[in-house]
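In: sequence unknown, structure follows:
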């Protein structure tokens with residue numbers, strides 16, 4: 001935290017750890033706090049990439065893409081949808097999550113099982129003396145394809161899955177908000193009704209309704225069109241289902257899926273001998289990402305999502321907000337944006353005269 005003090009005319013106490021003038025004590029304190037919090041928070045959902053994009057947009061290096069998270073999510077779901085319907089999925093974790101949402105019927109293992117039994121059924125099928133188009137349309141309402149895992153017509157199943165997905169998404173979002181603010185609603189029960197009819201609940205319901213029904217419906221359409229099961233149907237279904245993010249924007253989820261796909265593809269390439277396995281590559285990636293995340297938190301915290309900022313504050317027990325970003329302003333940095341002249345609380349016996357003169361008033365305040 002005090003590395004900039006070696007380049008700037010300030011001590012590390014003045015710049016990096018105002019709460020304690022001892023470098024050793026401050027480092028040990030933050031290290032212990034970080035270890036304790038890391039034991040409780042066992043996973044960081046690839047925060048280092050969204051901050052990088054926001055920083056690049058802020059400096060004008062790239063142009064913002066409206067609803068760009070949909071494109072990221074669609075690309076990731078194309079790969080995951082294909083592998084979900086193949087016999088050997090890339091990631092067991094992602095495969096289990098997709099099975100939880102979509103059921104086992106569209107998974108690769110169930111497709112292989114259906115392929116072994118379907119030829120007998122197809123042999124006993126006799127054509128009916130009706131026009132092809134009429135027969136096909138009526139089948140969508142009254143029957144399912146011989147390879148479909150569901151009962152009843154494909155169109156009724158499409159609508160049933162949509163309704164079920166809506167209520168699942170609605171209740172999931174409502175439950176999360178309710179549990180995270182339970183104490184507030186105990187004190188004010190009247191606000192529970194406002195929470196129930198919150199717009200985010202409906203958006204989450206629409207997200208899951210679209211995701212489940214469109215994925216399953218696209219797989220059904222692929223079976224009717226080609227007359228057989230194909231893993232490529234999952235790729236198309238993944239792309240179309242990803243447009244569910246239009247209703248419920250979740251850039252963190254899209255980025256997590258993207259990095260998870262890249263990680264799984266790399267591991268797959270290494271296992272099959274197409275890519276070299278670099279020793280310590282995972283540790284190096286996490287180290288670089290964590291380092292950049294803390295760099296943004298110190299130098300350009302305005303490009304960081306509030307949820308990420310709260311995560312880092314929790315990780316350091318609030319010590320990160322004591323970094324004196326005002327001292328970077330004379331060097332052309334906008335690190336103190338939004339701090340409104342609030343300075344950390346110093347022990348003035350350990351502060352140089354030049355820094356003491358910069359403090360706006362004699363009554364110093366803690367951030």
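Out: Received it, and whenever you're ready, just let me know what you need. Not measured: the values here are computed from a predicted model.
In: Kindly report the domain assignment for the chain.
Out: Here the domain assignment for the chain is 3-60+285-358, 68-248, based on automatic domain parsing.
In: could you dump these to a markdown table with distance to residue 273, mean pLDDT and mean neighbour count?
Out: C-beta coordinates here come from the backbone N, C-alpha and C atoms, glycine included. Supplementary listing: those in a markdown table, determined by distance: least, Cβ to Cβ, whole Å; pLDDT from 0 to 100; neighbours: other Cβ atoms under 10 Å:
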| stretch | distance to residue 273 | mean pLDDT | mean neighbour count |
| --- | --- | --- | --- |
| domain 3-60+285-358 | 21 | 72 | 15 |
| domain 68-248 | 16 | 81 | 17 |
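In: Looking at these, which is nearest to residue 255?
Out: For residue 255, the closest of the domains of the chain is domain 3-60+285-358, at 5.1 Å, according to Cβ to Cβ.
In: Can I get the domains of the chain in a markdown table including distance to residue 274?
Out: Below are the domains of the chain laid out as a markdown table (distance: least, Cβ to Cβ, whole Å):
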| stretch | distance to residue 274 |
| --- | --- |
| domain 3-60+285-358 | 19 |
| domain 68-248 | 14 |
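In: of all those domains, which lies closest to residue 270?
Out: Residue 270 lies closest to domain 68-248 among the domains of the chain, at 12.4 Å (Cβ to Cβ).
In: Distance of residue 309 relative to residue 17?
Out: The gap separating residue 309 from residue 17 is 19 Å, by Cβ to Cβ, to the nearest Å.
In: just residue 84 next, same as before
Out: Relative to residue 17, residue 84 is positioned 48 Å away (Cβ to Cβ).
In: can you check residue 59 too?
Out: From residue 59 to residue 17 the distance is 28 Å (Cβ to Cβ).
In: How about residue 241?
Out: For residue 241 relative to residue 17 (Cβ to Cβ), the value is 48 Å.
In: Residue 241 touches residue 84, doesn't it?
Out: No: counting by Cβ atoms under 8 Å, residue 241 does not reach residue 84; the two are 10.9 Å apart.
In: Need the per-residue pLDDT for the residue nearest the centre of the chain.
Out: Among the residues of the chain, the one closest to the centroid is residue 253, at 2.1 Å (Cα atoms, centre = their mean). The model reports residue 253 with a pLDDT of 84.
In: So it, which state does it fall into?
Out: Under DSSP: H, G, I helix; E, B strand; the rest coil, residue 253 falls in the helix class.
In: Now do the phi/psi pair for the residue nearest to it when sequence neighbours are not counted.
Out: Spatial nearest neighbour of residue 253, chain neighbours left out: residue 73 (7.2 Å); criterion: Cβ to Cβ, 6 or more residues apart in numbering. Dihedral angles of residue 73 (phi, psi; degrees, to the nearest 10) stand at phi -70, psi -40.
In: Then residue 208?
Out: Main-chain dihedrals, residue 208, degrees, to the nearest 10: phi -70, psi -30.
In: Now do the same contact list for it.
Out: With contact taken as Cβ atoms under 8 Å, 6 or more residues apart in numbering, residue 208 is in contact with 101, 165-166, 168-169, 172, 244.
In: possible to save the residues you listed as JSON lines with distance to residue 347 and secondary structure?
Out: Below are the contacts of residue 208 laid out as JSON lines (distance: Cβ to Cβ, whole Å; DSSP: H, G, I helix; E, B strand; the rest coil):
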{"residue": "101", "distance to residue 347": "54", "secondary structure": "helix"}
{"residue": "165", "distance to residue 347": "57", "secondary structure": "helix"}
{"residue": "166", "distance to residue 347": "57", "secondary structure": "helix"}
{"residue": "168", "distance to residue 347": "54", "secondary structure": "helix"}
{"residue": "169", "distance to residue 347": "52", "secondary structure": "helix"}
{"residue": "172", "distance to residue 347": "48", "secondary structure": "helix"}
{"residue": "244", "distance to residue 347": "54", "secondary structure": "helix"}
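In: can you list those residues in CSV and add distance to residue 205?
Out: Shown next, in CSV, are the contacts of residue 208 (distance: Cβ to Cβ, whole Å):
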residue, distance to residue 205
101, 13
165, 8
166, 4
168, 8
169, 4
172, 9
244, 11
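In: Name the nearest of those residues relative to residue 210.
Out: Once Cβ to Cβ is applied, the member of the contacts of residue 208 that ends up nearest residue 210 is residue 244, at 3.8 Å.
In: my guess is the closest one meets residue 205, correct?
Out: No: between residue 244 and residue 205 there is no contact under Cβ under 8 Å: 10.6 Å.
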